[in-house]
Structures are given as structure tokens and as C-alpha cells.
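[1] I'll drop the sequence and a predicted model, then ask my questions.
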Amino acid sequence: TVRKINPQWYMSFNDPDLNRLIEIGLKHSPNVKTALEKMHQARYRLYIDRAGFLPGFDAKGDYSKSNQNLAGTFPIKSEYYQVGVDASWELDIWGGQRRLTESAAAMLKAAAADFDNVKVSLTSEIASQYINWRLAEKQLKITEKNLELQREIFDVVKSQYNAGLADDLAYEQAKSVLSTTEMQLPQLRIAEKSYQNALAVLVGKLPSDIVRNPPNLLDKKFSFDLNQLYELPVEVVRNRPDVQAAEQQLIAENALIGNAIANLYPSVSLSGFLGYQNKTLSPIFGPDYNMYTTGAAVNLPLLHWGELINQVRVQQSATKQAFALYQASLLTAIADISNAAKSVDEESRRNKSAADSMESTSQILELSMQKYKNGLIDFSDVLT
């Protein structure tokens, strides 16, 4: 069976603070809220376009008064009142409205995919900043631990120097190493604070409010099954939110071609009015004053100096652009997945080598200090 991608992949780190920060970010991030409102807008536009299939009804009230003076005749005075319901309906003979609705539906799906993409990106960014912050904390602690170790070494060298068993070179070398490590601490503290502040901005919290538990992310073994990277189905590329958004954008642009083509053909609309009319406002309602009108209209484009056909060409060009962007999104997705799989694979190898190197280096340090204290090697060998 093919392993499915877990949308809550970050829980594999088993870090309560990371899980909590991502949940907070997904609820309160301005980017997520903006993407959500864009999706709402796309849904409302779809409702608007769907309404085009149905006739429109409007309450209507008219009043007119005229006073005409013609030479040699009596003045003509008239008043006219009319109230009722006016209806109009344009028939979707050529499918222009259907294509417009199809485009709006695709844009809604694109907005939903963009919303998912924002959440995926935000989750990744929060996790990345959190790990960088914890890594900066760890580096700071390791450097402080190294500083303590180098102070112990310096005390040993200083004791031997005072006893005449070490020369000036060894003394100055030990002192230089100690000063160099002390010089690294301010920069590491700045980096640690910067990552913490960046993380706080992402989740909308104060830096002091983003942590509840002591750091444990880097102190435990994280196992990852590399085989699952090569069991991912091909559909994973198309199911990426950014690819889905580009695909729906292409569908939307293509549907608008049909809408532009429909404008080249005649349009047929029906209209009607049902209400009451009288020369006075009261009485106006009653069977003696009711009236209705019906009508039909045909509009045939004749000469628009190339405007309508060029609108079709413009939309065809926009569709070709959308296709190129969709193609680019597919290639980018494939490259991203390939790079990520390769990075995880190679980083696992590097991590194993680094762990072996750290163990060997620790043993070398211990053995070198024993030999130096016994006068078997010079301090330069200890530095090496």
C-alpha cells in the first residue's frame, strides 16, 4: 500500500510547543485570514454569476406630470401614476452565462487551493523558524559548554606555565582559544533572540508567550523512514495546493473564452411588467386599473470595429498564459519534491557521519588532555 501524506506531518517531531504554535498560527495569522476572505469573495462571485440564469424582478413606481402650451390651443396638462413589478430575463442561448459560471466555480476552487497553500506554507515556515530557534539555543549552550571546557584547559596550561612546564606559546594559544570562543557568544545570543522574535511574529504572540516546555527537539532521536519518500504516488504532484490553484486558474480562463465567443452571436431577452396605472394616485389599486406588458428583444452585433473578436483573442492569450503558468507549477512541484527527497536522504547520511565524528573527537580530546597533563605531547597537539 502507498503511504499517504499526513497533513499534520509536524506532529512526527513529537514536540508539544511546535504543535501548539502551529495551531495558533493557523488560527490567527493575517495571511490565513486574508486567504480565507479571498475564498469567501470567490464564493460570492459564483452566487452572483449563477443568478444570471434566472429572471430579475424589480418593484417599480413611476410618476410623471406634463404641462404643454401649444400656439392656438388650450394648455394640455396630464399626470400619470404607475406601480408594479418589472421582470427581465436574457436567455442563455449560446452558453455564455454557463461558461461565466464555470469560470467562477473554477476561481472558487483556485481560491480554496490558495487558502490551503497559505496554510501549508505557514505550517512549514513556523516549523522551520521553530527548529532554527531551538538550534540557535542549542548552539549557544554548546558554545557555553565549550567555553567552560576551554577555561579548564586554560587553567591547566596556566598552572603548568607558572610551574615552568609550559612555554609562552602554549599559554598564549590557550588564552587565544578562550577569547575566540567568548567572542562568539554575543552573536549567538543575537541569533537566538532573532529567531524567537521571528517565530513570535508568525504566530502573533509575544516572544515570552511562545514557550511552555523546555527544549527537547534536538535532544532525541528522530527516525524517518526513507523508503516512504519513494512510495509517494504521482498524484502527489497534482494534489499540491499551488498546482491545484494553477490548474483551476487555467480552467477559469479557458471558460471565459466561451463567454467571449457568445458575445459574437445574437442575444435574446424577455421582459414584462405587471401592475397598476391611473391618472391619480388614489385610487390606483383595483381591477379597473391593472395592466401588464410583455416584450421580447433581439440584439445582433453588426459592426464593433473588431472589438468583440479581439476580446476573444485577448481571452485566448490569457488562457495560453495560464497554461504556461500551470506547466511551470508542475515542473516546480516535481523539482521541489525531488530536492526535498534528496536532501532528506543525504542529510541522514551526513548526520550519521557527524555523530561518529563527534564521538571520535570527544575521545581524542580526552586522550590528548591526559597525554598533555603527563607531559607526553605539546599543547599544539591538543589544539589540533
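    Yep, that arrived.
[2] biggest strand in this protein by residues?
    Taking DSSP state E as the criterion, the chain has its longest strand at strand 76-91.
[3] Partner strands of that strand and their direction?
    With DSSP bridges as the test, strand 76-91 is paired with strand 56-68 (antiparallel), strand 267-278 (antiparallel).
[4] Put the alpha carbons of it into CSV.
    Extracted in CSV, the C-alpha atoms of strand 76-91 (Å, rounded to 0.1, in the frame of the first residue of the first chain):
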residue,chain,number,x,y,z
ILE,A,76,-52.5,70.3,-22.1
LYS,A,77,-52.0,69.0,-18.6
SER,A,78,-51.5,65.4,-17.6
GLU,A,79,-50.5,63.3,-14.6
TYR,A,80,-49.6,59.6,-14.7
TYR,A,81,-49.0,57.1,-11.9
GLN,A,82,-47.8,53.6,-12.3
VAL,A,83,-46.8,50.9,-9.7
GLY,A,84,-46.0,47.2,-10.3
VAL,A,85,-43.3,44.6,-10.8
ASP,A,86,-40.9,44.7,-13.7
ALA,A,87,-39.2,41.5,-14.9
SER,A,88,-36.4,40.8,-17.3
TRP,A,89,-34.6,37.7,-18.5
GLU,A,90,-31.8,37.2,-21.0
LEU,A,91,-31.8,33.7,-22.5
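[5] Figure out which of the strands paired with strand 76-91 is closest to residue 187.
    Closest of the strands paired with strand 76-91 to residue 187 is strand 56-68, at 68.0 Å (criterion: CB to CB). For every residue, glycine as well, the C-beta is placed using N, CA and C.
[6] That closest one - what's its average pLDDT?
    Averaging pLDDT along strand 56-68 yields 87.
[7] likewise stretch 170-189?
    pLDDT averaged over stretch 170-189 gives 92.
[8] and it, which residues are buried?
    170-171, 173-174, 177-178, 181, 188 (16 or more other CB atoms under 10 Å).
[9] residues in contact with the residue positioned nearest the centre of the chain?
    Against the mean C-alpha coordinate of the chain, by CA atoms, centre = their mean, the closest residue is residue 118 at 1.9 Å. Residue 118 makes contact with 31-32, 34-35 under the criterion CB atoms under 8 Å, 6 or more residues apart in numbering.
[10] Please indicate which of these are buried?
    For the contacts of residue 118, buried by 16+ other CB under 10 Å: 32, 35.
[11] I'd like the contacts of residue 118 as TSV, with pLDDT appended.
    Putting the contacts of residue 118 into TSV (pLDDT from 0 to 100) gives the following:
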residue	pLDDT
31	89
32	91
34	92
35	93
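[12] Which members of the contacts of residue 118 are the farthest-apart pair?
    32 and 34 (7.3 Å).
[13] pLDDT score for residue 374?
    Here the pLDDT value assigned to residue 374 is 86.
[14] same deal with the one 4 residues further on?
    We have a pLDDT of 84 for residue 378.
[15] Look up how far residue 158 lies from it.
    16 Å (CB to CB, to the nearest Å).
[16] same question, residue 34
    Distance from residue 34 to residue 158, by CB to CB: 61 Å.
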